[in-house]
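[1] what's the 3D shape of this:
(one chain, ligands or ions: 1)
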Amino acid sequence: MKSKNSVIIYSPFYNLDLGRHVFPAQKYSLIYDRIKSDSKLKDIEIVAPDRANMEDLELVHTNSYLDDLFSYEHTFRTMYSELPLTRSIIDSFLFGVGGTIQAMKLAKDYNFCFNLGGGYHHSFPDKAEGFCYLNDVAIATKMYQLENPGKNVLIIDLDLHQGNGNSYIFQDDPSVFTYSMHQGNIYPKKEESTLDLSLEPGIKDKEYLKILDESLLNIKMKFKPDIIFYLAGADPYEYDSLGELKISMNGLKDRDRRIRDFSLECDVSTVIVTAGGYAKDPDDTVCIHYNSVKVFSE
Ligand SMILES: [Zn+2]
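    Model (predicted):
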């Protein structure tokens with residue numbers, strides 16, 4: 001157990017200017033505003049990250065991909081992104097990655113380090129995918145491994161979509177356990193995680209939480225993590241526009257409580273990132289992420 005409970009990492013540069021888009025790119029500052037206006041969270045520490053630098057990115061990404069990315073060129077490596085390729089958008093990814101790195105570094109002092117950005121789990125070493133140009137959790141994991149040789153990393157990915165980038169990147173690394181619970185019959189093309197739970201459309205809170213409980217128990221018997229990364233996607237939500245899981249807002253709070261309690265039982269620090277969220281009402285997405293912040297700050 002660490003002496004300090006939780007810290008938030010946030011930069012105003014996380015926001016993207018996409019105009020009308022299924023990805024609510026202004027969500028980061030809206031979550032921040034909700035936190036700032038909550039008197040119960042008034043004492044919580046908020047840290048601003050630096051941009052990730054090229055050396056950080058090279059821990060995961062290939063030089064040829066980074067060359068294409070920073071030339072802002074549409075090539076076979078960048079074209080699978082569903083976002084525009086502009087300097088300001090790549091810059092916001094650099095801050096998001098920097099935030100997850102910062103959270104990982106603060107994990108030695110805090111139980112819960114919550115990056116209000118990050119969770120770009122569809123990004124591969126040599127290509128972009130979905131809404132993901134740079135894989136923050138993979139980069140922070142590689143950096144953690146360099147700074148803490150021989151330690152074990154658990155990546156818990158409860159976003160609606162499989163964390164295919166992380167599953168691929170760590171497929172041959174037994175010191176990284178990738179756990180992804182996701183809707184099975186939608187994007188992306190699946191990679192093999194250490195533990196995949198493929199869910200049917202229509203699943204509701206009770207069954208979802210039961211499967212989560214069973215898998216956490218299963219992981220605990222097999223693997224002893226030294227740090228946990230948790231992708232707390234808001235998109236398993238019942239009114240999400242990209243998915244068909246039927247998890248209520250309260251169900252998602254219960255999900256987060258289970259990860260919080262699991263981390264405390266394992267007695268390790270957890271880095272939380274927001275990942276996806278495409279609720280039909282964008283305020284719901286903001287509310288789900290804000291609820292996550294509260295669960296990990298109680
Ligand atoms: Zn997602």
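
[2] The nearest residue to D205 once chain neighbours are set aside: which element?
    In space, and not counting its chain neighbours, D205 is closest to G251: 3.4 Å by CB to CB, 6 or more residues apart in numbering. To be clear about C-beta, it is placed using only N, CA and C from the backbone, and glycine gets the same treatment. Using DSSP states H and E, G251 sits within helix 249-266.

[3] so who does the residue nearest to D205 touch?
    Applying CB atoms under 8 Å, 6 or more residues apart in numbering, we find G251 in contact with 204-205, 208-209.

[4] Now do the host helix or strand of M221 and helix 249-266, the angle between them.
    In this assignment (DSSP H and E), M221 forms part of helix 205-222. Put simply, helix 205-222 runs at 10 degrees to helix 249-266, going by axes from the mean of the first three to the mean of the last three CA atoms, to 10 degrees.

[5] So for helix 205-222, what gets flagged as buried?
    Across helix 205-222, burial judged by 16 or more other CB atoms under 10 Å covers 205, 208-209, 212, 215-216, 219.

[6] just to revisit the earlier point, dump the contacts of G251 to CSV, plus distance to the ion and pLDDT.
    Output for the contacts of G251, formatted as CSV (distance: CB to the ion, whole Å; pLDDT from 0 to 100):
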residue, distance to the ion, pLDDT
K204, 19, 98
D205, 19, 98
Y208, 15, 98
L209, 19, 98
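
[7] right, and the pair among these with maximum separation?
    K204 and L209 (9.4 Å; CB to CB).

[8] K294 belongs to a helix?
    Yes. Counting by DSSP: H, G, I helix; E, B strand; the rest coil, K294 is found in a helix.

[9] Which pLDDT value belongs to it?
    Per-residue pLDDT puts K294 at 97.

[10] Contact partners for it?
    38, 40-41 are the contacts of K294 under CB under 8 Å, 6+ apart.

[11] who wins for most neighbours among those residues?
    With neighbours defined as other CB atoms under 10 Å, the most crowded of those is L41; it has 17 neighbours.

[12] which helices and strands sit right next to the helix holding M221?
    strand 176-183, strand 195-199, helix 249-266 (3 or more CB pairs under 8 Å, 6 or more residues apart in numbering; DSSP states H and E).

[13] can you tell me the average pLDDT over the first one?
    This means strand 176-183. On average, strand 176-183 scores 98.

[14] Quickly note the distance from the residue positioned nearest the centre of the chain to the ion.
    By CA atoms, centre = their mean, the mean C-alpha position of the chain lies nearest to G119, the distance being 2.7 Å. Applying CB to the ion, to the nearest Å, the value for G119 to the ion is 8 Å.

[15] so which helix or strand takes in that residue?
    Going by DSSP H and E, G119 is not in any helix or strand.

[16] how about the nearest residue to it, chain neighbours excluded?
    Per CB to CB, 6+ apart, closest to G119 is A275, 2.8 Å.

[17] Quick one: the helices in the protein, in order.
    Assigned helices in the chain, in chain order: 27-36, 54-57, 63-70, 87-106, 136-147, 164-169, 205-222, 249-266, 282-295 (criterion: DSSP state H).

[18] residues of the helix or strand of the chain with the lowest mean pLDDT that come out buried?
    Ranked by mean pLDDT, DSSP states H and E, the helix or strand of the chain with the weakest confidence is strand 4-9, at a mean of 92. Buried residues in strand 4-9, defined by neighbour count with 16+ other CB under 10 Å: 6-9.

[19] could those go into CSV alongside distance to the ion?
    Listed next are the buried residues of strand 4-9 as CSV, based on distance: CB to the ion, whole Å:
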residue, distance to the ion
S6, 24
V7, 25
I8, 21
I9, 20
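
[20] Widest-spaced pair of those residues?
    So, the buried residues of strand 4-9 by CB to CB: farthest apart are S6 and I9, at 10.7 Å.

[21] Now do the shared contacts for those two.
    113-114.

[22] Low-confidence bits of this protein, can you list those?
    1, 3 (pLDDT under 70).
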